[in-house]
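**Student:** kindly return the folded structure for what I paste below:
(one chain, ligands or ions: 1)
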Amino acid sequence: MPDGPVTPTSLEGVTSLYRRFRPGRFCELRGQEHVVRALRGAVANARVSHAYLFSGPRGTGKTTTARILAKSLNCESPVDGDACNVCASCVAITRGSSLDVIELDAASNNGVDDVRDIVAGAWHGTPGSWKVYIVDEVHQLSKAASAALLKTLEEPPAHVVFVLATTDPHKVLPTIRSRTQHLEFRLFPAETLASLLKDVSDAANLAADDATVEAAVRLGRGSARDALSALDQLIATGAVAETRPTFDDLLEGIVRSDAVATLTALATLVGEGWDPEQLAESLAGEVRQVFLLQVAPRVADAVDADRARLSDWGERLGLARTVRVLETVGRALREMKSAPDKVVILEVALVRLVRPDLDATYEALEERLGRLERGVRAAPSPPLPPVTARRPIGQSSAPAPETSVSVPSEDSPASAAASPLDPAPAGDAEGDLTLADVRARFAERVVPRTSRAAQLILRSARVESVEGLVLTIAVASEEMRQNTEMITQGLRGALEHEFKRGFTLHWTVDASLVAATLTPRSAPAPLRDEEVHDTGDDDGEVVVVDSAAEHLITEMFPGAEEVS
Ligand SMILES: [Zn+2]
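**Tutor:** This next block holds a predicted model:
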């Protein structure tokens, strides 16, 4: 490093534009005017807080601003609360050699000892100067470390300022948050990034043309760091190297329930050199925005350029599937932490997502039904154009059902819906019920009155015993049993309708039920068959493939075929 004054624009040997052109003074900061105003004013009026919480997405200038605050406080010739950026103190802070600025990245040093070191040092300051402690990703501190930090924040030493930076302020302990002045950093608008990139390009003699700047702005997605690193890459390689993976092909595969397309898209991304864990994290981040844009657009922090695209994915995925993607990828991420072959975890998760028939959870069953139903509705119906979107199910297919089957809507309990079946035979509201009698009426009259989702579970269920008002029902798998809570109310209503009495339900699992009740799709008669696939889980979990569901669906929608 050369001697003499060093400004951020002449740091030799540093190639990254982001580091070379890091703003060194408040007046050089862009896009966070509200933050700059607050901090500059505090320094100028000697009203600096002992603790600040800087929150905002990555690359929006939190750490840079913290360093500028440290400079301004210790500058030998400050101007209106701003640093001169040329005095010995400013230069030392720029170089990272100042003893007055201590940075801790809580993502890598999150233990109580790290914080104790900081706290101990806080009491031994250079006379006359401010010590500034910058704790990055403070939400990642361990519990003990947070407690140690809190103690110091309760009685901060004079001339010490803590700047706690986080991308996730909600994960910071409320007791810590309440002792800080909270300043929120925002993503940069496209025009701010564009002017920043143009200026940097001019200053560094990069001669980036408008198209390059525009591409870098787009790739930066509101982050100055990402935009500058995109500009770096664009100029170095001449190619548009994505600063983060593009999931459009992958999401397209999910939307179309096309396992091959989904896995191909994943393989392409892995082939581009993305780390599987990083991919899963980015995918989760993107789908989280898709989700937020559907349920709470104001909370979504996607940049304008992304909003339309992500909203479009939201529409195409639908809320239920968006949530499933989030949950699936989140689960995969957790599993990946300890798995040797991470990409396999992601592949399996995506296949399960795309082919819910390999997944026996309640949500998967629900989605499978919804998809089939949509497929039936959207089935081609030549030669006339569709008159109404909601044609009676089965109209376009032969043979027509003998009775028009009414499908209870998901939000109204099936028991309350009109039943196509005859009313229950009268006269047995009192008296003892035999197990055989209950079993028969359960299968023939009660189950058909329940919701479609309930039927997926109950079709393979069997009444084990009737003891007074306690009915014990066995279902085919533990997953199904875990989902019975959601169907209990509807089932009790259907039981009451049939038996004129209120039952208490007990659930058990009997794996042998699977073989006894599944029916192959093509067989007209209830031939017995089984289709059990091992999913290859380490725990040897066996997942029931959906013959029962398919059977049910072909029954409900004659002629239906899964359309993807
Ligand atoms: Zn200075």
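
**Student:** could you pull out the strands for the stretch 1-150 of the chain?
**Tutor:** Remark: strands assigned in the stretch 1-150 of the chain by DSSP state E, counting those that start in this stretch are 51-55, 101-105, 131-136.

**Student:** over to the stretch 201-350 of the chain?
**Tutor:** Going by DSSP E, counting those that start in this stretch, the stretch 201-350 of the chain shows no strands.

**Student:** quick revisit: what's the closest of the strands of the stretch 1-150 of the chain to the ion?
**Tutor:** Closest of the strands of the stretch 1-150 of the chain to the ion is strand 101-105, at 13.1 Å (criterion: Cβ to the ion). Where you see a C-beta, it was placed from the backbone N, CA and C, and this is true even at glycine.

**Student:** tell me what that closest one is packed against?
**Tutor:** With contacts taken as 3 or more Cβ pairs under 8 Å, 6 or more residues apart in numbering; DSSP states H and E, strand 101-105 sits against helix 62-74, helix 112-122, strand 131-136.

**Student:** could you give the angle of that strand to helix 112-122?
**Tutor:** 170 degrees (axes from the mean of the first three to the mean of the last three Cα atoms, to 10 degrees).

**Student:** send the alpha carbons of strand 101-105 over as CSV?
**Tutor:** The C-alpha trace of strand 101-105 is given here as CSV (Å, rounded to 0.1, in the frame of the first residue of the first chain):
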residue,chain,number,x,y,z
VAL,A,101,-13.5,0.7,14.6
ILE,A,102,-14.1,-2.9,15.5
GLU,A,103,-16.2,-5.1,13.2
LEU,A,104,-17.7,-8.4,14.1
ASP,A,105,-19.5,-10.6,11.7
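
**Student:** ok, residues contacting it?
**Tutor:** Residues outside strand 101-105 that contact it (Cβ atoms under 8 Å, 6 or more residues apart in numbering): 63, 67, 70, 93, 114-115, 118, 121, 131-137.

**Student:** quickly find the element holding residue 163.
**Tutor:** In the assignment (DSSP states H and E), residue 163 maps to strand 160-166.

**Student:** in its sheet, what does that strand sit against?
**Tutor:** Strands that pair with strand 160-166, judged by DSSP bridges, come out as strand 51-55 (parallel), strand 131-136 (parallel).

**Student:** so for the next helix or strand after it, what's the average pLDDT?
**Tutor:** Later in the chain than strand 160-166, the nearest helix or strand by DSSP H and E is helix 174-177. Averaged over helix 174-177, pLDDT sits at 94.

**Student:** okay, the helix or strand just after helix 174-177 in CSV with CA atoms only?
**Tutor:** Going down the chain from helix 174-177, the next helix or strand is strand 181-184, by DSSP H and E. Output of strand 181-184 as CSV, limited to C-alpha atoms (Å, rounded to 0.1, in the frame of the first residue of the first chain):
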residue,chain,number,x,y,z
GLN,A,181,-32.3,3.7,17.3
HIS,A,182,-33.6,1.8,14.3
LEU,A,183,-32.7,3.0,10.8
GLU,A,184,-34.1,1.2,7.8
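
**Student:** ok so, going back, dump the strands of the stretch 1-150 of the chain to TSV, plus distance to the ion, mean pLDDT and mean neighbour count.
**Tutor:** Compiled in TSV, the strands of the stretch 1-150 of the chain are given as follows (distance: least, Cβ to the ion, whole Å; pLDDT from 0 to 100; neighbours: other Cβ atoms under 10 Å):
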stretch	distance to the ion	mean pLDDT	mean neighbour count
strand 51-55	20	96	24
strand 101-105	13	90	19
strand 131-136	14	93	25
